[in-house]
Structures are given as structure tokens and as C-alpha cells.
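[1] Please find the sequence and the predicted model below.
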Amino acid sequence: MVRTTLSAAEARRVALAAQGFGQAPTDTVSTRALTAGFARLGLLQIDSVNVFERSHYLPLFARLGAYDKSALDRRSLTARGPWTEYWAHEAAFIDRDDLPLFRWRMDALRARDAGPTRVDAVTRTEGVRRELQALLRAEGPMPASAVEHESNVRRGPWWGWSDVKLGLEQMFRWGDVVTAGRSGFERVYALPEQVLPAGTLETAPARPAAVLRLVRHATRALGVGTRADIADYFRLRSDDTAAAIADLTAAGELLPVQVEGWGERAWLHADARVPRRVSADAVLSPFDPVVWFRRRAERMYGFHYRIEIYTPAPKRVFGYYVLPVLQDDRLVGRVDLKNDRQRGVLRVRTAWQEPGERLDADRLADTLRRTAAWQGLDGVEVTDRGTAAAAVATALGVPLVPHEAADDADATAAPDPAV
């Protein structure tokens with residue numbers, strides 16, 4: 001039977017099943033499962049904050065369970081690995097074979113950077129870019145820090161953008177350079193011909209065909225979504241997305257549906273499952289596809305979410321690095337986590353139950369134990385802050401640790417917008 005309507009609960013379950021939730025996490029995750037999980041999502045957003053764990057490691061752990069992070073590193077951080085990087089959502093790891101789908105974006109960013117609001121920066125780095133291109137051709141791939149240049153100085157409170165770094169990032173946006181993995185999590189830049197098969201970017205599909213493929217992947221990964229949801233997945237223009245949706249609907253790949261309480265037209269992928277229930281227990285990265293589009297998270301889960309790492313400590317409500325807590329098909333709470341590597345402890349600096357939701361503290365305790373074990377930590381410590389802190393500490397069988405003002409700040413993580 002062709003579905004034309006979905007209840008709010010059905011839409012949540014469709015979306016979570018499409019994202020790979022619903023299977024019990026395992027203690028052993030094969031490389032094949034890791035690859036399949038990545039293929040389902042299509043990308044892993046990158047963020048430099050590592051107060052708990054770097055963001056790109058977390059989505060697959062949430063869906064699959066404890067996996068060997070070195071297996072992911074071999075696929076994402078090496079020069080010839082099967083994954084590469086580009087601005088696919090924000091900065092993200094993507095399949096190397098999908099990079100040509102963003103050739104049109106590279107061209108659009110080149111045109112944008114030549115516009116009146118950015119022309120000064122582009123003109124200023126013109127000579128530097130020529131030098132960098134010659135250097136990469138002569139010396140091979142290298143990170144920005146390996147390039148000696150008198151302008152390579154720190155200028156801001158968190159990060160310094162020298163003309164070397166700015167020039168490399170401009171070239172990366174435009175496709176003049178690509179990544180050759182990472183070294184110490186610093187991006188290594190290379191000329192395309194040094195790491196990609198010949199003609200990879202030159203034979204890319206035209207914009208309409210590329211957008212169609214990206215929308216096809218986004219709708220499969222979302223299960224059900226509005227035009228804004230679908231456009232956000234790969235940060236596409238609304239008009240481009242609408243044209244692709246129309247083509248896929250005409251082909252029978254997408255089905256128009258009304259979702260209870262959404263107030264906007266939505267589209268259901270024709271292959272999407274509508275499970276009777278979804279069993280899930282996870283803490284989610286702030287940059288997980290389930291929550292990265294905040295409007296969708298609020299509409300679908302009633303979950304108002306804003307990351308607070310950029311908020312001054314006295315003004316934070318929930319904590320520095322707060323992760324949503326998923327139990328079954330609801331976002332029932334949030335926890336501020338820190339990996340205390342010196343003491344070998346996962347610190348739960350705050351724990352909150354969402355208003356109107358029921359957070360199962362025992363299930364969250366199990367999730368935190370699994371998380372700590374995956375991180376190679378010996379235990380979990382809970383700070384006395386948040387509406388769920390006492391219940392979580394009791395479920396873990398640990399005493400509450402008194403809250404201190406230092407818990408509200410974290411100077412160890414300096415987010416870099418270019419990661």
C-alpha cells in the first residue's frame with residue numbers, strides 16, 4: 001500500500017531506521033559493517049573539538065557499537081584511503097568516488113570568492129597561491145604548518161589565519177588542491193593529480209545531474225523529510241533541490257506524504273521502512289545527521305538544541321559539549337561529556353532529562369559504560385549538575401562529584417572553522 005500520511009511517531013521511526021538505528025550494538029564491528037554504515041550516511045561531519053571525542057567518530061559508534069577507530073582512520077586519514085574531504089555539509093569525510101559530485105560547488109565557490117565582498121582576500125593571496133602550487137608540485141603533499149612563510153603567524157584568540165592557510169583553503173574550496181589525508185589531524189594538501197585518478201574532477205557530472213544524485217542519497221538517508229530537510233543534508237540550494245525532488249517523484253522514487261504536526265509537505269523514500277518500533281540507545285554527536293539540522297530536530301523530536309561551546313561559560317544552560325541522549329525513537333535528555341584521559345575516567349559533567357520525556361537512567365548508564373570502554377577508560381564519574389545527574393549516578397553505582405565552576409568551562413578545545 002502506498003503511504004500518503006505518517007503519524008509523528010512513524011516519521012521518527014522511519015528516519016531513525018533510514019539512519020541505521022534499530023540494531024543492537026555489538027562488541028565486534030567488522031570493516032565491512034563500518035563501510036556499509038558510512039555508505040548509508042554518505043558523509044561524516046568533521047569538527048576539531050576533542051574534549052570528549054572528535055565528532056566524526058561518534059555517528060558510527062552510536063549506530064554500530066564499539067569499533068576499532070584505527071579502521072576508520074585508515075579509510076579517512078591516509079593519502080590513498082577510500083574517503084576524502086570536502087564541504088559536503090560542513091567540512092566532512094565523503095567517499096572519494098563522490099567528490100566529482102561537488103565539482104559544481106567548487107566552481108560556484110570560486111565565483112563567489114571573486115565577488116566584491118571577498119575580492120580583497122583573494123587578490124592578497126594570489127601570489128601566495130602561485131607559490132603554494134609550485135611548492136606542492138615540487139615537494140608533494142604537505143600540511144599548512146610545513147610551509148615556512150613570514151605571514152604564517154597567529155593573529156586571533158583561537159586560531160591564526162595566515163595568508164598561507166587562507167590561500168590553501170581557497171584552493172581547497174575551488175578544487176585546485178584536495179586532501180591527502182591528515183597528519184596529527186591537520187589536513188594535508190595535495191594537487192589533485194597527486195592523489196586522484198586522472199580526470200576525476202574534469203569529468204564530473206553537470207550541476208543538475210550531480211544535485212539529482214545528492215538529493216537521491218539525502219532522501220534515502222533521511223527516510224522522510226521536507227524540502228528544507230533534504231536540501232540541508234548536502235547544503236543544496238532550495239530551487240535545485242525542488243527540481244530534483246520533482247524528477248525523483250515523477251520517477252516513483254519519492255512519495256509525497258503528510259506528516260502529523262509538520263505543517264509542511266514531506267517526501268517519503270519509496271524504499272523506506274516504517275518499523276513498528278525502533279530500539280536504540282545512544283549519545284549523539286552535536287553534528288550527527290539526526291540533530292545537525294536544528295529545525296528538523298525540533299519539529300521531529302520536540303528537541304530544542306544549540307551547541308554551547310561558543311557561549312561564555314556563565315551563560316551556558318546545559319554545558320560545554322552537550323550530546324543528545326537517544327532512547328528508542330525519542331530524544332529524552334542530554335549529557336555534557338569529557339574524556340579525562342589522564343585519570344582514565346569518562347566525566348559526565350551535566351546530565352539532564354528533557355521536559356515531558358522519560359529518561360531511563362539504567363539504560364543511559366549502560367550506554368555510558370559502553371562509551372567509556374570504547375574510549376579505553378576505566379570508569380564513569382558524574383558531577384552534581386542537571387536534573388538527571390542523581391539518577392544517572394545511582395544507576396552507575398557511583399557517588400555524585402560536587403560541581404565546581406571549572407566544570408562549566410573548557411579551555412582545552414579550540415574549534416577551528418576550517419578543521
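    Yes, it's here.

[2] Tell me if Thr350 really is in a strand.
    Yes. Looking at Thr350 with DSSP: H, G, I helix; E, B strand; the rest coil, it is inside a strand.

[3] ok, now which ones touch it?
    318-319, 322, 334-336, 383, 385-386, 389, 407 (C-beta atoms under 8 Å, 6 or more residues apart in numbering). No exception for glycine: its C-beta is placed from N, CA and C like everyone else's.

[4] tell me the SS of Leu212?
    Secondary structure state of Leu212, per three-state DSSP, is helix.

[5] thinking it is in contact with Ala244, fair?
    Yes. Counting by C-beta atoms under 8 Å, Ala244 is a contact partner of Leu212 at 4.6 Å.

[6] Same drill for the two, tell me which one is more crowded.
    Each of Leu212 and Ala244 has its neighbours counted (other C-beta atoms under 10 Å); Ala244 has more, 26 against 20.

[7] is it fair to say that one lies in a strand?
    No. Ala244 is assigned helix when assessed by three-state DSSP, not a strand.

[8] any weak-confidence spans in the stretch 1-150 of the chain?
    Applying pLDDT under 70 to the stretch 1-150 of the chain flags residues 1, 148-150.

[9] mind running it again at 50?
    Within the stretch 1-150 of the chain, no stretch has pLDDT under 50.

[10] At which residues are the helices of the stretch 51-200 of the chain located?
    Ranges of helices within the stretch 51-200 of the chain are 58-64, 69-76, 103-113, 119-124, 126-139, 163-174, 192-195, based on DSSP state H, counting those that start in this stretch.

[11] Tell me which of those lies nearest to Ala250.
    Closest to Ala250 of the helices of the stretch 51-200 of the chain, according to C-beta to C-beta: helix 103-113, at 22.4 Å.

[12] ok and that closest one relative to helix 163-174, angle-wise?
    Going by axes from the mean of the first three to the mean of the last three C-alpha atoms, to 10 degrees, helix 103-113 is angled at 130 degrees with respect to helix 163-174.

[13] Enumerate the positions of helix 103-113 that are buried.
    Residues of helix 103-113 classed as buried by neighbour count (16 or more other C-beta atoms under 10 Å): 103-106, 109-110.

[14] Next: stretch 62-82.
    Residues 62-67, 69, 72, 75-77, 79, 81 are the ones in stretch 62-82 that count as buried (16+ other C-beta under 10 Å).

[15] For Arg187, state which of these is nearest.
    Checking the buried residues of stretch 62-82 against Arg187 with C-beta to C-beta, the nearest one is Leu77 at 9.9 Å.

[16] I'd like to know which of the helices of the stretch 51-200 of the chain lies nearest to Thr367.
    helix 58-64 (9.3 Å).

[17] any chance you could map the helices in the stretch 201-350 of the chain?
    So, for the stretch 201-350 of the chain - with DSSP H, counting those that start in this stretch - the helices run 207-222, 227-233, 238-250, 294-301.

[18] thinking again about what came up before, let me have the helices of the stretch 51-200 of the chain in TSV, extended by distance to Val274.
    Listed next are those as TSV, based on distance: least, C-beta to C-beta, whole Å:
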stretch	distance to Val274
helix 58-64	19
helix 69-76	31
helix 103-113	33
helix 119-124	49
helix 126-139	50
helix 163-174	40
helix 192-195	42
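
[19] Quick one: residues contacting the residue nearest the centre of the chain.
    The centroid of the chain falls nearest to Gln45 when counting by C-alpha atoms, centre = their mean (2.7 Å). Counting by C-beta under 8 Å, 6+ apart, Gln45 touches 55-56, 89-92, 285, 287, 292.

[20] Asp247 now?
    With C-beta under 8 Å, 6+ apart, Asp247 has these contacts: Leu212.

[21] Direction included, what does the longest strand seen in the chain pair up with?
    The strand that spans the most residues within the chain, counting by DSSP state E, is strand 330-340. As defined by DSSP bridges, the strand partners of strand 330-340 come to strand 322-327 (antiparallel), strand 345-353 (antiparallel).

[22] Let me know how buried Ile46 is, in neighbour terms.
    Neighbours of Ile46 (other C-beta under 10 Å): 21.

[23] Kindly report the same for the one 5 residues further on.
    Counted with other C-beta under 10 Å, the neighbours of Val51 add up to 19.

[24] what do you get for Gly167?
    Count around Gly167 with other C-beta under 10 Å applied: 28.

[25] again, but for Val2
    Using other C-beta under 10 Å, Val2 is surrounded by 8 other residues.

[26] can you give me the end-to-end distance of stretch 275-295?
    In stretch 275-295, first residue to last residue: 24 Å (C-alpha to C-alpha, to the nearest Å).

[27] do stretch 245-256 as well
    Stretch 245-256 end-to-end distance (C-alpha to C-alpha) = 10 Å.
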